[in-house]
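[1] coords below, sequence missing:
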């Protein structure tokens, strides 16, 4: 077994979790980031309005996604990048909800994913006052990235999981979750529901 996973981060156009407008991905093999990818997404109607507060956070505007692929068009590439990996995200409940809700909004099949949350991993690994992504990444020795840029956030998330696994002497994500007593979840494509598979 080895420390292989894919970190993922979404940005949204508004308060709807179906309004994904960008995704960032970071592939980890044997505890090293070996590939990153990211792209803009055109959110599905009626979740396609860009709120000013969201644009202030991530800088993405409606005109930026006019020529971007729709959720349904880009989903095969997203799933191909993740493959059979465990998906890792900071506040994974949000990112998995983005996948689920965007699939529901577009009538596309929700992928099957096992996932872990680096907020939970951070809380069991670092004694820090905040476990927001910049603080947790800094505790992992990775600081100074552009927060709310999707690829940068995915890379930061990956660094947290890598560092936590090193500290816990965990060979893979399942071993890390067991060592820390955190949950692996399951996004069930058939039921389109996120469930805990062990605690």
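    Cool, got the structure. Since the model is a prediction, treat every value here as computed from it, not as a measurement. Numbering: from 1, shown residues only.
[2] make it CA atoms for all contacts and neighbour counts henceforth
    Noted.
[3] starting at the chain centroid, how far to the helix or strand hosting residue 95?
    Assigned by DSSP states H and E, residue 95 falls within helix 92-106. Helix 92-106 sits 11 Å away from the centroid of its parent chain (C-alpha atoms, centre = their mean, to the nearest Å).
[4] Ok, stretch 180-191 next?
    Worked out by C-alpha atoms, centre = their mean, stretch 180-191 lies 13 Å from the chain centre.
[5] Next: stretch 118-127.
    16 Å.
[6] coming back round to it: counting by contacts, list what the helix holding residue 95 packs against.
    strand 5-12, helix 71-82, strand 113-117, strand 193-198 (3 or more C-alpha pairs under 8 Å, 6 or more residues apart in numbering; DSSP states H and E).
[7] buried set for the second one?
    Translated: helix 71-82. Across helix 71-82, burial judged by 16 or more other C-alpha atoms under 10 Å covers 71-72, 75, 78, 81-82.
[8] can you put those in a markdown table and add distance to residue 135?
    Formatted as a markdown table, the buried residues of helix 71-82 follow (distance: C-alpha to C-alpha, whole Å):
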| residue | distance to residue 135 |
| --- | --- |
| 71 | 31 |
| 72 | 34 |
| 75 | 31 |
| 78 | 27 |
| 81 | 27 |
| 82 | 26 |
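[9] Among those residues, which one sits closest to residue 6?
    Top of the list for closeness to residue 6, among the buried residues of helix 71-82 and by C-alpha to C-alpha, is residue 82 at 5.9 Å.
[10] and the longest helix for the protein?
    Assignment by DSSP state H gives helix 150-168 as the longest helix of the chain.
[11] First-to-last residue distance for stretch 24-42?
    15 Å (C-alpha to C-alpha, to the nearest Å).
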